[in-house]
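Engineer: Okay, sequence plus prediction incoming.
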Amino acid sequence: MLLVEAARQAARAACSRPDVDFALFEAEFMKLVEFSYPVDVVVTRLESHAAHGVMRVRLLHEEETLMSLLAQVKTPH
């Protein structure tokens, strides 16, 4: 859950909206992640799904993808 929370915070930062949350997401974990790993968090807005607020968040360690998360984001009403 810690990695999913990191992805959620990264999506919030990418949108410059602290109130954004995931409406739904799908995550793939490619490798066991150790807490001691330094990671880069990369957020990409998917242009083909921009109207629906779809983003991909990847956690990388030394260019290797550890987790890839595809999420649709929503803002509260």
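Structural biologist: Done, it's in.
Engineer: Could I get the full set of strands for the protein?
Structural biologist: For the chain, strands defined by DSSP state E occupy the ranges 21-29, 40-45, 54-61, 64-74.
Engineer: Could you say which of these is packed most deeply?
Structural biologist: Highest mean neighbour count of the strands of the chain: strand 54-61, a mean of 20 (counted as mean count of other Cβ atoms under 10 Å). All C-beta spots, glycine's among them, are computed from the backbone N, C-alpha and C.
Engineer: Off-centre distance for it?
Structural biologist: 5 Å (Cα atoms, centre = their mean, to the nearest Å).
Engineer: Okay, now the unreliable bits of this protein?
Structural biologist: The chain contains residues with pLDDT under 70 at 48-52, 77.
Engineer: change it to 90
Structural biologist: 1-3, 14-17, 20, 31-37, 45-54, 73-77 (pLDDT under 90).
Engineer: before we move on, back to that, export the strands of the chain to TSV and tack on distance to Arg12?
Structural biologist: Formatted as TSV, the strands of the chain follow (distance: least, Cβ to Cβ, whole Å):
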stretch	distance to Arg12
strand 21-29	8
strand 40-45	10
strand 54-61	10
strand 64-74	8
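Engineer: what about those strands, which gets the closest to Ala10?
Structural biologist: Ranking the strands of the chain by proximity to Ala10 (Cβ to Cβ) places strand 40-45 first, at 4.5 Å.
Engineer: starting at the chain centroid, how far to the closest one?
Structural biologist: When distances are taken as Cα atoms, centre = their mean, strand 40-45 is centred 7 Å away from the chain's centroid.
Engineer: So in that sheet, which strands flank it, and in what orientation?
Structural biologist: Using DSSP bridges, strand 40-45 pairs in its sheet with strand 54-61 (antiparallel).
Engineer: just the angle between the strand it pairs with and strand 64-74, please?
Structural biologist: Per axes from the mean of the first three to the mean of the last three Cα atoms, to 10 degrees, the angle that strand 54-61 makes with strand 64-74 is 150 degrees.
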